[in-house]
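Engineer: okay, predicted coordinates and the sequence, questions at the end:
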Amino acid sequence: MSTGHSFPEWLLFANNPTRMKRFFSLMMAFGLLAFFQPVKAQSDSATGKPQVKISVNYNTGLNYFGRTDSLRSSGFFPLAELWLSEKVYVNAAPVFVSNAVQNFNYAGTVATIGYQNITDKWITGIYLTKPFYKESSELVQSALKAQGGVNLAYQTKLVNINAGGDVKLSDKMDFGATAGLDHVFRVEAKDGSIVVVNPSFYAYAGTQNFQRSYYKKSKTGFLLFPGNNQLVTEEVSRFGLLAYEATVPLIYSKGKVMLIATPAYIIPQNLVTVPNRPDLSERGEKMFYGTLTAKYTF
């Protein structure tokens, strides 16, 4: 799972505020199908009752801002969505990983609770995510213990402007920031189906914590005798650019069925490398990957 972006289903109702408001009251929130039985609920948000959606998703190249494991794993994750009210949601998702040495191996579960609001021009949200990874998980992001953040989007006829910030908790606290632009191409057919193409570009930044080692000449020299070179290791924290990403979500929706394909190309930046220590270095490269989703609304 690359960067945490949710699939842009709201694009189906872009430039149609009434339908956008109704749709957002019904979307988001990933529930764990393998552990919880979906609750049937009425789909009319005006009743104030929850709504459930289910989906299956496949990611061809799991990454974290372009950082990958050595096996270039793919991921499968079933999802269920539950809106507790028009603006409050909860979610959870199990992650199953496949690569050259394991097939469909359970890696952990990610749960989220959040709040989202939409107006004619603005989409705002706040969320808290709690991962439950297995201790043996080799996912690049498996060290993450919790994450909270805010998202903001401003919609115009020419381009939509997106921004976000987050705090990540592992053994240390990290901060992240996101900025992006996108444009919506939306077509509604006479049979009620909707097709959306949404070319997007994002830049991601955040803190990085790592160790840096270097030799420093000691001050113990005397007269013509120079001091010895001593190896110094220090903890370093910096905030910088992590990756650029271009995506083109393709969405088809008709009735209660939605199909989404999201091809993406990500370019990691400022990879941390430690000489002669690949175990302490970040592994990453420019890569194409994609996510496929099939979703059903009750």
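Structural biologist: Thanks, I have the structure now. Quantities reported herein were computed from a predicted structural model and do not represent experimental measurements.
Engineer: can you map out the helices along the stretch 1-150 of the chain?
Structural biologist: Applying DSSP state H, counting those that start in this stretch to the stretch 1-150 of the chain gives helices spanning 17-24.
Engineer: ranges for the strands of it?
Structural biologist: For the stretch 1-150 of the chain, applying DSSP state E, counting those that start in this stretch gives strands covering 51-59, 74-83, 88-98, 105-118, 122-133, 146-154.
Engineer: next, the buried residues of the longest one.
Structural biologist: Think strand 105-118. For strand 105-118, the neighbour count (16 or more other CB atoms under 10 Å) marks 105, 107-114, 116, 118 as buried. Every C-beta, even on glycine, is put in place using the N, C-alpha and C of the backbone.
Engineer: quick one, that strand and strand 88-98 angle?
Structural biologist: Between strand 105-118 and strand 88-98, the angle comes out at 150 degrees (axes from the mean of the first three to the mean of the last three CA atoms, to 10 degrees).
Engineer: so N160 touches F201, yeah?
Structural biologist: No: counting by CB atoms under 8 Å, N160 sits too far from F201 to count as a contact (11.1 Å).
Engineer: between those two, which has more neighbouring residues?
Structural biologist: N160 (21 against 14; other CB atoms under 10 Å).
Engineer: and the more buried one, how far from V90?
Structural biologist: Distance of N160 to V90, computed by CB to CB, to the nearest Å: 27 Å.
Engineer: excluding chain neighbours, what is closest to L71?
Structural biologist: N99 (3.8 Å; CB to CB, 6 or more residues apart in numbering).
Engineer: list the residues that contact that neighbour.
Structural biologist: Applying CB atoms under 8 Å, 6 or more residues apart in numbering to N99 gives the contacts 69, 71-74.
Engineer: so what's it scoring on pLDDT?
Structural biologist: On pLDDT, N99 comes in at 88.
Engineer: ok, L250 next?
Structural biologist: So, for L250, pLDDT stands at 96.
Engineer: pretty sure it contacts P199?
Structural biologist: No: with contact defined as CB under 8 Å, L250 does not reach P199; the gap is 10.2 Å.
Engineer: output the strands of the stretch 1-150 of the chain in JSON lines; the columns should cover distance to A179.
Structural biologist: Listed next are the strands of the stretch 1-150 of the chain as JSON lines, based on distance: least, CB to CB, whole Å:
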{"stretch": "strand 51-59", "distance to A179": "23"}
{"stretch": "strand 74-83", "distance to A179": "26"}
{"stretch": "strand 88-98", "distance to A179": "24"}
{"stretch": "strand 105-118", "distance to A179": "19"}
{"stretch": "strand 122-133", "distance to A179": "15"}
{"stretch": "strand 146-154", "distance to A179": "10"}
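Engineer: for V257, which of those strands is the nearest?
Structural biologist: strand 51-59 (10.4 Å; CB to CB).
Engineer: distance check, S55 against L144.
Structural biologist: The value you get for S55 to L144, if CB to CB is used, is 23 Å.
Engineer: quick one: contacts for the nearest residue to Y58 once chain neighbours are set aside?
Structural biologist: Nearest in space to Y58, with sequence neighbours left out and distances taken as CB to CB, 6+ apart, is L292 at 4.8 Å. Neighbouring residues of L292 by CB under 8 Å, 6+ apart: 57-58, 260-262.
Engineer: also G66?
Structural biologist: With CB under 8 Å, 6+ apart, G66 has these contacts: 242-243, 245, 266-269, 284-287.
Engineer: of those residues, just say which sits nearest to L82.
Structural biologist: Out of the contacts of G66, the member with the shortest distance to L82 (by CB to CB) is E245, at 28.6 Å.
Engineer: number of residues surrounding the closest one?
Structural biologist: 23.
Engineer: which residues of the stretch 151-298 of the chain fall in strands?
Structural biologist: 160-169, 173-182, 185-188, 194-197, 200-217, 229-247, 250-254, 257-268, 287-297.
Engineer: to P275, which of those strands lies closest?
Structural biologist: In terms of CB to CB, the element of the strands of the stretch 151-298 of the chain nearest to P275 is strand 200-217, at 8.2 Å.
Engineer: low-confidence ranges in the stretch 101-250 of the chain?
Structural biologist: Low-confidence segments of the stretch 101-250 of the chain, defined by pLDDT under 70: 135-142, 209-236.
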